[in-house]
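# Structure of the sequence below:
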Amino acid sequence: MLEFRDIKVQLGSFRLAADFSVESGAKLAVVGPSGAGKSTLLAIAGGFVEPYQGSVVWRDQLLDHLAPGARPISFLFQDNNLFPHMDIARNVGLGIRPDLRLTRSDKDRVAEALIAVGLDGLSDRKPASLSGGQRARVALARILVQAAPVVLLDEPFGALGPAMRTEMIALSREVGARLGATMLMVSHNLEDVAGFADGVIWVEDGVCHAPRALDAFLADPPEGFVRYAGLPR
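All right, here's what the predicted structure looks like:
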């Protein structure tokens, strides 16, 4: 279980509070108006933003003292965070060893991950030669080899067209299922939310609300979501 225990953050005039838990294996969308704090919630979990109160806990282990790289968490960003001078295989291999001193077994893991995301035969290509969807697949392959139990996705497919975005959302769920991972995804696209999430964390007015099942959330949405989504009253 991933827990945000009485978290409070202040960044200038911006404030955010979170006090809830996420069941292991959950696939949650983090939804709210622009600037509400959706990405900040992920940054708190990942150790990039430090709360002045409260703790992030994974399976009863306090993560507060751990640097981002030492936490049991993988991040997937919209820019995919790929190194342009490295080929695909090495970009994925960074998820195993940042110094790229990979064993034969490590290299086999990289090859298997590339096959799993549909990039077999492209291991020697550079990111610039790939489409946006293929670069996103490279980033997902790196998530696979990292094998972290928590995966945070910060609008990772926002730059893709609708058809490719739908495909990548489905692939993300497949990757999460392979890992048995808990996944939180920030998204502004309600179709992506419907395709990815089992539940929703609603963020508004400085508060990250506890997760609700997707069906229950849509059947009885908060007033802020009605305005945000342009739903009929």
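
# Pull out the buried positions in the longest helix seen in the chain.
If you go by DSSP state H, the chain has its longest helix at helix 162-179. In terms of neighbour count (16 or more other Cβ atoms under 10 Å), helix 162-179 has its buried residues at 164-169, 171-173, 175-176, 179. Quick note: C-beta positions are derived from backbone N, CA and C, even for glycine.

# Output the contacting helices and strands for the next helix or strand after it.
Using DSSP states H and E, the helix or strand that follows helix 162-179 in sequence is strand 182-186. Where contact means 3 or more Cβ pairs under 8 Å, 6 or more residues apart in numbering; DSSP states H and E, strand 182-186 is packed against strand 27-31, helix 38-46, strand 150-154, helix 162-179, helix 190-196.

# which other residues reach the longest helix of the chain?
For helix 162-179, the external contacting residues (Cβ atoms under 8 Å, 6 or more residues apart in numbering) are 27, 76, 116-118, 132-133, 136-137, 140, 143-144, 147-149, 151, 153, 156-158, 160, 181, 183, 185, 189, 191-192, 195-196.

# Can you dump the C-alpha atoms of that helix in CSV for me?
Output in CSV follows, covering the C-alpha atoms of helix 162-179 (Å, rounded to 0.1, in the frame of the first residue of the first chain):
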residue,chain,number,x,y,z
PRO,A,162,-5.7,10.1,-30.3
ALA,A,163,-5.2,6.6,-31.8
MET,A,164,-1.6,6.3,-30.7
ARG,A,165,-2.5,7.7,-27.2
THR,A,166,-5.1,5.0,-26.9
GLU,A,167,-2.6,2.3,-27.9
MET,A,168,0.0,3.6,-25.4
ILE,A,169,-2.6,3.7,-22.6
ALA,A,170,-3.4,0.1,-23.2
LEU,A,171,0.3,-0.8,-23.3
SER,A,172,0.9,1.0,-20.1
ARG,A,173,-1.7,-1.1,-18.4
GLU,A,174,0.0,-4.2,-19.8
VAL,A,175,3.4,-3.1,-18.5
GLY,A,176,1.8,-2.5,-15.1
ALA,A,177,0.2,-5.9,-15.1
ARG,A,178,3.5,-7.6,-15.9
LEU,A,179,5.1,-5.8,-12.9
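
# Quick one: end-to-end length of stretch 113-132, please.
18 Å (Cα to Cα, to the nearest Å).

# Mind listing residues that contact that stretch?
Here stretch 113-132 makes contact (Cβ under 8 Å, 6+ apart) with 80, 82-89, 91-92, 110-111, 134-135, 137-138, 140-142, 144-145, 159-160, 164, 171, 174-175, 178.

# Report the buried members of those residues.
Those of those that meet the buried threshold are 80, 82, 87-89, 91-92, 110-111, 134-135, 137-138, 140-142, 144-145, 160, 164, 171, 175, by 16+ other Cβ under 10 Å.

# quick one: which of the residues you listed sit in strands?
Among these, none falls in strands (DSSP state E).

# got the residue ranges for the helices in this structure?
38-46, 88-93, 104-116, 132-146, 162-179, 190-196, 214-219, 223-229.

# between the fourth one and strand 150-154, how big is the angle?
For helix 132-146 against strand 150-154, the angle by axes from the mean of the first three to the mean of the last three Cα atoms, to 10 degrees is 160 degrees.

# the inter-axis angle of helix 132-146 versus strand 182-186?
Using the same axes, to 10 degrees: helix 132-146 against strand 182-186 is 150 degrees.

# likewise the fifth one?
Here helix 162-179 runs at 160 degrees with respect to strand 182-186, directions being taken by the same axes, to 10 degrees.

# Same question for the third one.
For helix 104-116 against strand 182-186, the angle by the same axes, to 10 degrees is 50 degrees.

# Centre of the chain to helix 104-116, how far?
22 Å (Cα atoms, centre = their mean, to the nearest Å).
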